[in-house]
Each structure stands twice: as C-alpha cells, then as structure tokens.
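**Student:** starting from these lines, generate the structure:
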Amino acid sequence: MALCIEGKKTTTEGLADPVRRASERGHDTVTFVIGGSLGLAADIVRRADYRMSVSDMTFPHQLIRVTLAEQLAIISRS
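**Tutor:** Numbers count the residues shown, from 1 in each chain. Alright, predicted model coming up:
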C-alpha cells in the first residue's frame, strides 16, 4: 500500500477493507510505503496494489507512522 497524495482518501473502516482483502487472498503481511515530502517515485506508486492519501497536507514521516499505527490498532480491535 502506497501512502501518497494521489491516493484515495479513506476512513478507518475504509482502510480495513484492503487489509482484510489481502488477508483473504492469503497474504501474511501488508507493506505500507510512506511517501516523503517530495512524494514517492512513480514506479513505486504504479506497483502498489492500493494507494491511500492521509491528507492533502504534508506531514513528517514520524507523524504518519504513528497515525497509521493507531489506525491499524483500531482495525485489529474491531
């Protein structure tokens, strides 16, 4: 999953869907690639199975990592 500005904006429940589908397809892991302030390389974005945007604003990697971890914790509890 590529976290990039051109990705789809979603909710916590919306994030749960592609994670759940990956599990149903037998994938043991889901990899999240977080774009930097200059974004991700186009080939990385193209190769991603899912593209997600956290916001139209630019945030530091550290903040997005914590935000994503919290969202995944919420998903795992539901």
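
**Student:** for the helix or strand in which Glu6 is found, which strands pair with it and how are they oriented?
**Tutor:** Here Glu6, judged by DSSP states H and E, is contained in strand 2-9. Paired neighbours of strand 2-9 in the sheet (DSSP bridges): strand 33-34 (parallel), strand 51-53 (parallel).

**Student:** can you name the element that comes right after the first one?
**Tutor:** Along the chain past strand 33-34, the next helix or strand (assigned with DSSP H and E) turns out to be helix 42-47.

**Student:** please apply the same query to the last one.
**Tutor:** Of the helices and strands lying after strand 51-53 in sequence (DSSP H and E), the nearest is helix 61-77.

**Student:** pull that next one out as CSV, backbone CA atoms only.
**Tutor:** Extracted C-alpha coordinates of helix 61-77, given in CSV (Å, rounded to 0.1, in the frame of the first residue of the first chain):
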residue,chain,number,x,y,z
HIS,A,61,7.2,10.5,8.3
GLN,A,62,7.3,10.1,12.0
LEU,A,63,3.8,11.5,12.4
ILE,A,64,2.3,9.5,9.6
ARG,A,65,3.9,6.3,11.1
VAL,A,66,2.2,7.0,14.4
THR,A,67,-1.1,7.8,12.8
LEU,A,68,-1.0,4.7,10.6
ALA,A,69,-0.1,2.5,13.6
GLU,A,70,-3.0,3.9,15.6
GLN,A,71,-5.4,3.2,12.7
LEU,A,72,-4.2,-0.3,12.3
ALA,A,73,-4.6,-0.9,16.1
ILE,A,74,-8.2,0.3,15.8
ILE,A,75,-8.8,-2.0,12.9
SER,A,76,-7.3,-5.0,14.8
ARG,A,77,-9.5,-4.4,17.8
